[in-house]
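[1] just the structure for this:
(one chain, ligands or ions: 1)
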Amino acid sequence: MKTVNTAIIGGGLMGKEVASAFGRWFALNDFPVKVQLTAVCDLNPQALQWYRQIPSVELLTTDYKELLKKEDIDVVYVALPHHLHREYYLEVLESGKDLLAEKPFGIDLEAAVAIRDKARELGRFVRCSSEMPFLPGAQRVYAEALSGRIGRILDIRAGFLHSSDMDPEKPINWKRQEAFCGKIGVMGDLGMHVMHLPLRLGWKPADVFARLQKIVTERPDGKGGRAVCDTWNNATLLTTLELEGETVPMSLEMKRLAPGETNTWLIEINGTEGGVKYSTKDTKALWRFHRSGEQVWQRTDLGFQVPFPTVTGGIFEPGFPDCFMQMLAAYFAEREGALGSRLGCVTPDEAVSSHQVFKAALESHLSGSVVKVAYD
Ligand SMILES: NC(=O)c1ccc[n+]([C@@H]2O[C@H](COP(=O)([O-])OP(=O)(O)OC[C@H]3O[C@@H](n4cnc5c(N)ncnc54)[C@H](O)[C@@H]3O)[C@@H](O)[C@H]2O)c1
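    Model (predicted):
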């Protein structure tokens, strides 16, 4: 079986998540390629220590240029703070390798466009991370939206809710500072996850009215002092779609101040004939609406019906590591031309579209008005 050699730049939270999924790649049934982690770069030598336990890793380095020189690496996953995306993603592409990027795919729209255009120019295979749509419930929502059973769409709500900013005494990190996270703040952190399915369904907002909130503006700096925390904590976007001659509202919520929510990803689509909703708050539950005399919201308990079958039994519950692995499987299957009709990872064009919406949202918040989204 063909082996795809991969490398990671940025061995923090997400680098480890990717390495763990590669480490159990054999759980995928009849997958077309084997994927193996061979090199890892992190500026912090301490962060590299964890990767010593992975037998296939030949190179641990603090110098990403050394990693990119290795000719036998096919794909690089880059998981770095947002201000570094543009420079590192472009260098990966120029080194002749394919890229699995992290969101938000550049710190701003300009960076996202530069990365997309370079990938196009060099013909590299590039996709961006967004794993929640690979959960069985999200997959069913996607299928239901495509089925035509929903009728005329009345409204759509999608969101990603965290409580990660609720503790004001949590020390600051790069995700809470504009210089590293970006002016779009929480939209850059959570927005790609929210927009992946809507954009794939062709639901590109025509305009947006946004309300952004900065609530926690200072945090401990971890060294006994205080530091300015200048990112948006919460973003509520009311957008409009033009669908088959009708104007349909779609609300998009991205919040790091959502009391009690740990990692709640949700989507709801209401229509005249049917409807569907799913939230990771109740991971197994798929809700579908139908009208036949009485109006009924019907709950189905889902099992492990993932797009890329694994050794896991069909009635067992999936979780974050599972949808992350499914997303990686979608990346490598699509790279091999073996995705078929399954959902793929976020494309560079979709990533650029999300930035176009977030840019309009920033303008809307500042002007207090509805702003048309400017696409390419
Ligand atoms: N898909 C998801 O669900 C998800 C979740 C969290 C974060 N992310 C994204 O992943 C990316 C990384 O986030 P994270 O949570 O892993 O961050 P992190 O802070 O945990 O890890 C970043 C790592 O990069 C290293 N680093 C910093 N500058 C470097 C440089 N110049 N060269 C090499 N290494 C360097 C740091 O030492 C650190 O180990 C971001 O784009 C973030 O938005 C995605």
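[2] from here on, contacts and neighbour counts on C-alpha atoms
    Fine.
[3] tell me which parts of this protein are close to the ligand?
    Within the chain, the positions near the ligand by CA under 6 Å from any ligand atom are 9-15, 41-44, 47, 79-82, 102-103, 129-130, 189.
[4] any quick PyMOL command for the buried ones out of those?
    Filtering these down to the buried ones (16 or more other CA atoms under 10 Å) takes a single PyMOL command:
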select buried, resi 9+10+11+12+14+15+41+42+47+79+80+81+82+102+103+129+130+189
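[5] so which of the residues of the chain next to the ligand are in strands?
    I9, C41 (DSSP state E).
[6] element containing T38, please.
    strand 34-41 (DSSP states H and E).
[7] which parts of that strand are buried?
    K34, V35, Q36, L37, T38, A39, V40, C41.
[8] which regions of the stretch 1-150 of the chain lie under the pLDDT threshold?
    For the stretch 1-150 of the chain, no stretch is flagged by pLDDT under 70.
[9] helices of that one, start to end?
    13-23, 45-49, 64-69, 85-94, 109-122, 136-147 (DSSP state H, counting those that start in this stretch).
[10] repeat for the stretch 151-300 of the chain
    Counting by DSSP H, counting those that start in this stretch, the helices of the stretch 151-300 of the chain are 178-181, 186-200.
[11] dump stretch 92-111 to PDB, restricted to CA.
    Provided in PDB are the C-alpha atoms of stretch 92-111 (Å, rounded to 0.1, in the frame of the first residue of the first chain):
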ATOM      1  CA  VAL A  92       5.300  25.000   2.400                       C
ATOM      2  CA  LEU A  93       3.800  25.400  -1.000                       C
ATOM      3  CA  GLU A  94       7.000  26.700  -2.500                       C
ATOM      4  CA  SER A  95       8.900  23.800  -1.100                       C
ATOM      5  CA  GLY A  96       6.900  21.500  -3.400                       C
ATOM      6  CA  LYS A  97       4.600  19.900  -0.700                       C
ATOM      7  CA  ASP A  98       0.900  19.800  -0.300                       C
ATOM      8  CA  LEU A  99      -0.700  21.600   2.700                       C
ATOM      9  CA  LEU A 100      -3.300  20.800   5.300                       C
ATOM     10  CA  ALA A 101      -3.900  24.300   6.700                       C
ATOM     11  CA  GLU A 102      -5.400  25.300  10.000                       C
ATOM     12  CA  LYS A 103      -8.200  27.900  10.200                       C
ATOM     13  CA  PRO A 104      -8.600  30.800   9.800                       C
ATOM     14  CA  PHE A 105      -6.300  30.200   6.700                       C
ATOM     15  CA  GLY A 106      -4.400  33.500   7.200                       C
ATOM     16  CA  ILE A 107      -4.900  36.300   9.700                       C
ATOM     17  CA  ASP A 108      -7.100  38.300   7.400                       C
ATOM     18  CA  LEU A 109      -8.700  38.300   3.900                       C
ATOM     19  CA  GLU A 110      -5.500  39.600   2.200                       C
ATOM     20  CA  ALA A 111      -3.500  36.700   3.600                       C
END
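[12] going forward can the numbers begin at 38, since that is how I track them
    Okay, using 38 as the starting number, the last item reads as stretch 129-148.
[13] list the buried residues of that stretch.
    129-130, 133-146, 148.
[14] ok, stretch 404-413 next?
    Applying 16+ other CA under 10 Å to stretch 404-413 flags V407, V408, K409, V410 as buried.
[15] now the terminal residues of stretch 98-111, how far apart.
    Distance between the boundary residues of stretch 98-111 (CA to CA, to the nearest Å) amounts to 18 Å.
[16] ok, residues contacting that stretch?
    Stretch 98-111 is contacted from outside by 41-44, 46, 75-82, 85, 96, 129, 132, 134-135, using CA atoms under 8 Å, 6 or more residues apart in numbering.
[17] for the ligand, what is the nearest residue in the stretch 238-387 of the chain?
    F361 (7.9 Å; CA to the nearest ligand atom).
[18] ok, that residue touching A58?
    Yes - counting by CA atoms under 8 Å, F361 touches A58, with 7.4 Å between them.
[19] ok, back up a step: and the helices of the stretch 188-337 of the chain, which is most packed in?
    helix 223-237 (a mean of 24; mean count of other CA atoms under 10 Å).
[20] helices and strands around that helix, which ones?
    Counting contacts by 3 or more CA pairs under 8 Å, 6 or more residues apart in numbering; DSSP states H and E, helix 223-237 is packed against strand 190-198, strand 271-280, strand 283-292, helix 385-404.
[21] including distance to L238 and mean pLDDT, could the ones you listed go into CSV?
    Listed next are those as CSV, based on distance: least, CA to CA, whole Å; pLDDT from 0 to 100:
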stretch, distance to L238, mean pLDDT
strand 190-198, 12, 98
strand 271-280, 11, 98
strand 283-292, 13, 98
helix 385-404, 11, 98
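[22] tabulate the ones you listed (JSON lines), appending distance to E215.
    JSON lines is the format used below for those (distance: least, CA to CA, whole Å):
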{"stretch": "strand 190-198", "distance to E215": "20"}
{"stretch": "strand 271-280", "distance to E215": "14"}
{"stretch": "strand 283-292", "distance to E215": "16"}
{"stretch": "helix 385-404", "distance to E215": "13"}
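[23] closest to D319 out of these?
    Of all those, it is strand 190-198 that lies closest to D319, at 13.7 Å by CA to CA.
[24] show the pLDDT at the closest residue to F246 other than its chain neighbours.
    Closest residue to F246 apart from its sequence neighbours, by CA to CA, 6 or more residues apart in numbering: V407 at 4.6 Å. Note on V407: pLDDT of 98.
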